[in-house]
Each structure stands twice: as C-alpha cells, then as structure tokens.
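In: Sequence and predicted structure are below.
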Amino acid sequence: QVRLVESGGGSVQAGGSLTLSCVASGRAINWYTVGWFRQAPGKGREFVADIRQRDGKVTYADSVKGRFTISRDNVKNTMYLQMNSLKPEDTAVYYCATTLNGIYDKWGQGTQVTVSS
C-alpha cells in the first residue's frame, strides 16, 4: 500500500514559482500512474496533471498547460509539480495521487498554495 506526503506549498505573488514534491513510501511509484489535483475554496477537486505508468504520457489541464510541469523520479520514489507564472486562480490545496486502474484511490494530505495579486 503506497502512502503519499506532499510538501513545498506556500504563499507567492502572481508571476512567481513553486515546486511541489510528493514522496511515496510503502511501494515503488513506478507501478502507478501518478497525478496532481487541486481544490480551491468552495469548489470541487479538479485534475491538474498526470503521468501515465505504461508509456509515460503526460497530460495537463488546459488551465495549467505551458505553466506547470509534472515529473517523477523513480529512484527517489518522488513526484514533482513545477509551477511557473502562478496566478491568483491557482490558489488551492494541491494533492498528489496514484492509480493502478484509472481510478485515483491513494491520496496525500494536501499542501496549500496561495497566490496573491
């Protein structure tokens, strides 16, 4: 059973950058498709980006395409989300997650990202 712990959140001004990390333990993440999601105040959880396990295909939400980069380091058992050109609308709690079958069922506890204008 994989366990996930995010870090790297914080407060930044619009246009700034942050890198989120998600360390996995209990099982190697190379078995999984890994993804990032976020939830803004008063809104539902939304997909941000993921890396498909079987072929490494990367997918981004339109709202972050060209600004965010998802990556994984199988040696460190860690996934990352590099976020550039941050906007106030990126403010949310960010979660990492894993799936074996297309349904994300293992989640981290979340890390807060706040972008001020």
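Out: Perfect, thanks for sending it.
In: Find me the pLDDT at the residue nearest the centre of the chain, would you?
Out: For the chain, the residue nearest the mean C-alpha position is Trp36 (2.7 Å; C-alpha atoms, centre = their mean). Per-residue pLDDT puts Trp36 at 98.
In: Is the nearest residue to it once chain neighbours are set aside within a helix or a strand, and which one?
Out: Excluding the flanking residues, the one nearest Trp36 by C-beta to C-beta, 6 or more residues apart in numbering is Val48, at 4.3 Å. In short, each C-beta sits where N, CA and C put it, glycine included. For Val48, the host element (DSSP states H and E) is strand 45-51.
In: circling back to that earlier point, partner strands of whatever helix or strand the residue nearest to the centre of the chain lives in, parallel or antiparallel?
Out: Trp36 is part of strand 33-39 when elements are defined by DSSP H and E. Taking DSSP bridges as the criterion, strand 33-39 forms sheet pairs with strand 45-51 (antiparallel), strand 92-99 (antiparallel).
In: Out of those strands, the one nearest Ser21 is which?
Out: Ser21 lies closest to strand 92-99 among these, at 8.6 Å (C-beta to C-beta).
In: Which residues outside the closest one are in contact with it?
Out: 2, 4, 6, 9, 20, 22, 24, 29, 32-41, 43, 45, 48, 79, 81, 104-113 (C-beta atoms under 8 Å, 6 or more residues apart in numbering).
In: now do stretch 50-70
Out: 30-36, 46-49, 71-72, 79-86, 89-90, 100.
In: let's go with 10 Å and repeat that
Out: 17, 19-20, 29-38, 46-49, 71-72, 79-87, 89-90, 96-100, 102, 104 (C-beta atoms under 10 Å, 6 or more residues apart in numbering).
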